[in-house]
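Asks: Following is a predicted model, sequence given first.
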Amino acid sequence: MPPLTPPLATSLDASEGSGGPQDRALDRDAFHAALMAKGDYYHIHHPYQIDMAEGRATPEQLRGWVANRFYYQISIPLKDAALLANCPDAAVRRRWIQRLLDHDGHAGDSGGIEAWLALGEAVGLARVELWSQEHVLPGVRFAVDAYVNFVRRADWREGAISSLTELFAPQAHRSRLDTWPRHYPWIDPAGYAYFRKRLGEARRDVDHGLELALDLCTTSAAQQRALDILQFKLDVLWSMLDAMSLAYQLDRPPYHSVTDRRVYHRGLA
Ligand SMILES: O=C(O)c1cc(C(=O)O)c2c(n1)C(=O)C(=O)c1cc(C(=O)O)[nH]c1-2
């Protein structure tokens, strides 16, 4: 069965019926608004994030979130490296490569992964505990892997569009900086450097991602495809939190009916 919407690469090539005078493409502002409307489904509205923001999360739930999100953090540079590998445009690569450096670090910046390890320590998780991935739930792993694998296989332009949930991320980082110190005085404030660092970086990334999306998606098919890709990414983020809710809020981690042990796999190399 053919896909409901053509891949962006195809829908970008102005084939008959798309891009012509009959095309019902949104204008630039309306398409921007349609992308922004997807913010209604951002993971800040997930009950797990709401509980964290409103002070109801237990130390175990916060530690669970930090340990599972670490898998996202270490996967983002792999995803961005995959996009670079698929991108033939040197001008795009020159800008996009900054994302790798932001997370992996470079002279003068120890990087986002290091900052996330510091957040782990601030909530009481040893570095080895994060690196071991012992807390990474299978559902979180599968969701994150789906994102990385999508970008590995997709046209780089579709990969770029899948990063656009970052449109909404500064709000999430800001909210944590505003609410966590008040609700969780036991967390060492040194741990909050990651959120502060991302405030500026995410805005810059979003400017680039949005510019690409608005320039590239000028037919209704391409715009619909972009909205579908953005929804896919929202699903990734929401599914990660669903897995955490089951494990840490509802006390139903994988195999809970069989064993208390974390028998699930740590990733197959
Ligand atoms: O804490 C958050 O709510 C949040 C969300 C997202 C996102 O929307 O994917 C990212 C980040 N943080 C983040 O820190 C980050 O570096 C990042 C990179 C990307 C991406 O898709 O390339 N998303 C996100």
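Replies: Received the coordinates, thanks.

Asks: Spell out which parts of the protein neighbour the ligand.
Replies: 76, 163, 165-166, 169, 172, 198, 237 (Cβ under 6 Å from any ligand atom). Where you see a C-beta, it was placed from the backbone N, CA and C, and this is true even at glycine.

Asks: Look up the closest residue to residue 184, ignoring the ones flanking it.
Replies: Leaving out its chain neighbours, the residue that sits closest to residue 184 by Cβ to Cβ, 6 or more residues apart in numbering is residue 62, at 6.9 Å.

Asks: With residue 198 instead?
Replies: Using Cβ to Cβ, 6+ apart, the nearest residue to residue 198 is residue 173, at 5.1 Å.

Asks: any idea which element that neighbour lies in?
Replies: In this assignment (DSSP states H and E), residue 173 forms part of helix 169-183.

Asks: Closest one to residue 219 out of the residues of the chain next to the ligand, please.
Replies: residue 163 (21.2 Å; Cβ to Cβ).

Asks: Kindly indicate whether that closest one is helix, strand or coil.
Replies: Secondary structure assignment for residue 163 (DSSP: H, G, I helix; E, B strand; the rest coil): helix.

Asks: How about the contacts made by it?
Replies: Residue 163 is in contact with 205, 209, 233, counting by Cβ atoms under 8 Å, 6 or more residues apart in numbering.

Asks: In terms of helices and strands, where is the second one?
Replies: In this structure, residue 209 is located in helix 193-216 according to DSSP H and E.

Asks: which helices and strands sit right next to that helix?
Replies: Applying 3 or more Cβ pairs under 8 Å, 6 or more residues apart in numbering; DSSP states H and E, we find helix 193-216 packed against helix 28-37, helix 90-104, helix 112-122, helix 156-162, helix 169-183, helix 220-244.

Asks: buried sites along that helix?
Replies: By 16 or more other Cβ atoms under 10 Å, the buried positions in helix 193-216 come out as 193-195, 197-198, 201-202, 205-206, 208-210, 212-214, 216.

Asks: Over to stretch 40-60?
Replies: Of the residues in stretch 40-60, 41-44, 46, 48-49, 51-53, 57 count as buried by neighbour count, 16+ other Cβ under 10 Å.

Asks: Just the closest of the residues you listed to residue 106, please.
Replies: Nearest member of the buried residues of stretch 40-60 to residue 106, counting by Cβ to Cβ, is residue 43, at 28.6 Å.
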